[in-house]
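[1] what's the 3D shape of this:
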Amino acid sequence: MSIEPDRVDAAVAGMGDREAITEWAQRFSLVADPSRLALLVSIHYAREISVTDLAAATGMTDTAVSQALRLLRAHGLVAARRDGRIVRYSLADATVHELIHLVRPHPESRAGTGERG
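    Now for the predicted structure:
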């Protein structure tokens with residue numbers, strides 16, 4: 001029983017498949033970790049970056065960065081490209097790219113506004 005069945009129908013249609021909701025919940029749990037989020041944001045702005053450079057940018061150890069990247073890669077959020085002996089990471093998920101833009105506007109877009117971020 002519902003008060004407004006048309007609203008319930010719209011909510012159910014918008015929600016879609018429960019499996020998709022579970023997938024998104026897993027993605028959000030990955031992004032909710034501050035270290036992993038810092039890595040994703042760093043990768044986003046660097047476009048492509050090595051483990052060692054990510055460690056320097058985020059203040060994490062190479063080991064911690066590698067472990068986090070393994071998880072992010074397993075879930076399809078980042079991709080690796082070998083360049084000789086160096087492996088460079090980039091964002092592999094366009095939605096994460098867009099999410100970063102929504103949550104953290106590009107620093108250069110704030111230039112001249114007096115805001116820091």
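[2] So Arg88 belongs to a helix, correct?
    No: using DSSP: H, G, I helix; E, B strand; the rest coil, the assignment for Arg88 is strand, not a helix.
[3] can you tell me which residues contact the nearest residue to it once chain neighbours are set aside?
    Using C-beta to C-beta, 6 or more residues apart in numbering and skipping residues adjacent in sequence, the residue nearest Arg88 is Glu48, 4.3 Å away. The C-beta positions use only the backbone N, C-alpha and C, and glycine is treated the same way. Neighbouring residues of Glu48 by C-beta atoms under 8 Å, 6 or more residues apart in numbering: Arg81, Arg88, Tyr89, Ser90.
[4] okay, now Arg104: neighbour count?
    Using other C-beta atoms under 10 Å, the number of residues around Arg104 comes to 13.
[5] my bad, should have said Asp93
    17.
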